[in-house]
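Chemist: using only what follows, build the 3D model:
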Amino acid sequence: MRAAGTEVNILVRFEAVSKQYPDGTQALKNVSLSVPKGEFCVVLGPSGAGKSTLLRLLNGLTVPSAGQFYFAGEKVTRRNLRSVQKRVAMIHQSFDLVPRLPVISNVLSGMLPAISTPRALLRAFPAEMQQKACRLIDRVGLGEEHVYRRAGELSGGQQQRVGIARAFINDPLVVLADEPVASLDPKISRSILSLLKEASREQGATVLCSLHQIDLGREFADRVIGMHGGRVVFDGGVEELTDEVLSVIYDGSPTETEVPSGRPYSARELILAACNEGILT
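Modeler: Next up, the predicted model:
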């Protein structure tokens, strides 16, 4: 199994984290996971595997039912969650832009965690913030003609570029991308993921990106996390992501528990366990 990094450079760490919703749904089950600085980590798994819940924990949109997680070496609690949220950005599947507002306003909205509420309501962003927004709009491949166009007038691919610019406006340590290309065609999807990876490397940001498209995961990931039924069943490099491993990730875990050490299965262990249970032959 691929090493996730040393304690010195670990940015995000989950320790035995579980999440159960009020209706009884167990979205996460005893997840332990570490993500180092600067890594482009792709989370793969079927619908309902727990990918989105895992990402939502990091930006405070949900809280764990059990276990704990750490950000930049600090245990995340209600008292410091606001501080963590300022350093985490999110890119949504549905773009999550305000259609009637111009592109620059949508990009600047990424600064809301860092400015006062009155200033935000008045859209009184300092000149240096506006200049930075314009540089990011250019960086994601949009021209001057797009700066004051309404976001709702743009194509899906262009809107997601605005979403990436917004994500990086506040210099985040972590960018969460929840199915960011699910509604885009393959060519545009590759363009968006290339842009996301380049931007993250330029700014030294860590990316956790959930995907359904296996081929894109293989192409862009530094590391792959495989989830099934709320558990991390695989954690390794792209070179270990064989068809046999994918079969177990998507069709069913070989067991409902992790290996005795508590870590996820390696590719070899995953395949052997599946063969022993008759899932693979």
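
Chemist: and the next helix or strand past the top helix by length along the chain?
Modeler: The longest helix of the chain (DSSP state H) is helix 186-203. Downstream of helix 186-203, the next assigned helix or strand under DSSP states H and E is strand 206-211.

Chemist: who does that next one pair up with?
Modeler: Strand pairing for strand 206-211, determined by DSSP bridges: strand 40-44 (parallel), strand 174-178 (parallel).

Chemist: closest one to Phe234 among those strands?
Modeler: When these are compared by C-beta to C-beta, strand 40-44 sits nearest Phe234, at 8.3 Å. All C-beta spots, glycine's among them, are computed from the backbone N, C-alpha and C.

Chemist: list the contacts of the closest one.
Modeler: 35, 51, 54-55, 197, 200, 206-212, 214, 216-217, 220-227, 246, 249 (C-beta atoms under 8 Å, 6 or more residues apart in numbering).

Chemist: on the C-terminal side of that strand, identify the next helix or strand.
Modeler: Next helix or strand after strand 40-44 toward the C-terminus (DSSP H and E): helix 51-58.

Chemist: what's the burial count for Gly24?
Modeler: By other C-beta atoms under 10 Å, 6 other residues sit near Gly24.

Chemist: ugh, wrong one, Asp171
Modeler: When neighbours are counted by other C-beta under 10 Å, Asp171 registers 14.

Chemist: now swap in Leu142 and tell me
Modeler: Neighbours of Leu142 (other C-beta under 10 Å): 20.

Chemist: ok, it touching Val103?
Modeler: Yes: using C-beta atoms under 8 Å, Leu142 makes contact with Val103 at a distance of 6.9 Å.

Chemist: what touches both of those two?
Modeler: Common neighbours of Leu142 and Val103 (C-beta under 8 Å, 6+ apart) are Val162.

Chemist: tell me where the model's unsure across the stretch 101-250 of the chain.
Modeler: For the stretch 101-250 of the chain, applying pLDDT under 70 flags the ranges 114-123.
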